[in-house]
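Participant: Compute the structure for the input listed below.
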Amino acid sequence: MNFKVVFASMVLPLLLAVPRIGLTNNGIEVYEFDITLTDEHPYVECLGEGIDHVLTVKIRTHMVERPNGSVHIVENYFMEGYSFGKESGLMWHTKNAPGPWVINDFGDGRLVEGWTLEMVWKPLDGGRKFHEKGRFLVVYDANGNPRVEHIPEDYRMQCVGMN
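Facilitator: Numbers count the residues shown, from 1 in each chain. Down below sits the predicted model:
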């Protein structure tokens with residue numbers, strides 16, 4: 001039997017046993033795990049009621065350290081879940097909603113960090129389609145002084161289409 005075939009048949013099961021961790025040839029490490037969380041929105045104006053989210057989140061983290069001392073980190077959050085109307089009982093679904101968290105450390109004291117979220121919620125039983133959006137960004141100068149570019153209060157929900 002060919003040595004390469006025997007070796008591949010021995011190594012492949014080991015590689016498949018740990019599919020959630022990886023290292024690419026450019027130094028990027030990728031981790032993936034699932035978390036489930038619940039989130040409450042007491043009142044969404046365009047829906048006319050409060051909603052509860054139940055989300056499953058996959059997180060993939062990429063980190064690159066460059067020779068000049070700078071570091072680039074991206075945590076990609078991919079969310080899938082359901083929302084439930086507190087009064088109507090209506091349901092919505094979202095899938096593959098991205099929410100990346102990015103940190104860029106330039107190695108000289110300057111740092112930029114922030115996240116962006118955009119989720120499209122589709123009705124399952126007669127409600128209105130809506131978007132959930134948010135952005136947060138902080139820039140630190142070389143002295144470590146923060147300047148907020150976008151704040152969490154910019155977070156919003158917006159209905160799309162007719163009732």
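Participant: And the helices in the chain?
Facilitator: Assigned by DSSP state H, the chain shows helices spanning 3-17.
Participant: which stretches of it form strands?
Facilitator: Taking DSSP state E to define them, one finds strands in the chain at 21-23, 29-44, 49-65, 71-85, 91-98, 101-105, 111-123, 129-140, 146-150, 156-160.
Participant: Mind putting the ones you listed into JSON lines with mean neighbour count and mean pLDDT?
Facilitator: Yep, even glycine has a C-beta here, placed from its N, CA and C like the rest. As requested, these are exported to JSON lines (neighbours: other Cβ atoms under 10 Å; pLDDT from 0 to 100):
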{"stretch": "strand 21-23", "mean neighbour count": "11", "mean pLDDT": "47"}
{"stretch": "strand 29-44", "mean neighbour count": "12", "mean pLDDT": "76"}
{"stretch": "strand 49-65", "mean neighbour count": "16", "mean pLDDT": "86"}
{"stretch": "strand 71-85", "mean neighbour count": "17", "mean pLDDT": "88"}
{"stretch": "strand 91-98", "mean neighbour count": "16", "mean pLDDT": "90"}
{"stretch": "strand 101-105", "mean neighbour count": "16", "mean pLDDT": "91"}
{"stretch": "strand 111-123", "mean neighbour count": "17", "mean pLDDT": "91"}
{"stretch": "strand 129-140", "mean neighbour count": "17", "mean pLDDT": "90"}
{"stretch": "strand 146-150", "mean neighbour count": "12", "mean pLDDT": "83"}
{"stretch": "strand 156-160", "mean neighbour count": "14", "mean pLDDT": "89"}
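Participant: Run a quick neighbour tally on Gly99.
Facilitator: 19 (other Cβ atoms under 10 Å).
Participant: contacting residues for it?
Facilitator: Going by Cβ atoms under 8 Å, 6 or more residues apart in numbering, Gly99 touches 76-79, 115-119.
Participant: Is it correct that Trp115 is in contact with Val138?
Facilitator: No: Trp115 is beyond contact range of Val138, at 10.3 Å (criterion: Cβ atoms under 8 Å).
Participant: Can you tell me how far the closest residue to Glu80 other than its chain neighbours is from Arg156?
Facilitator: Nearest residue to Glu80, sequence neighbours excluded (Cβ to Cβ, 6 or more residues apart in numbering): Lys95, at 4.8 Å. Distance from Lys95 to Arg156, counting by Cβ to Cβ, to the nearest Å: 21 Å.
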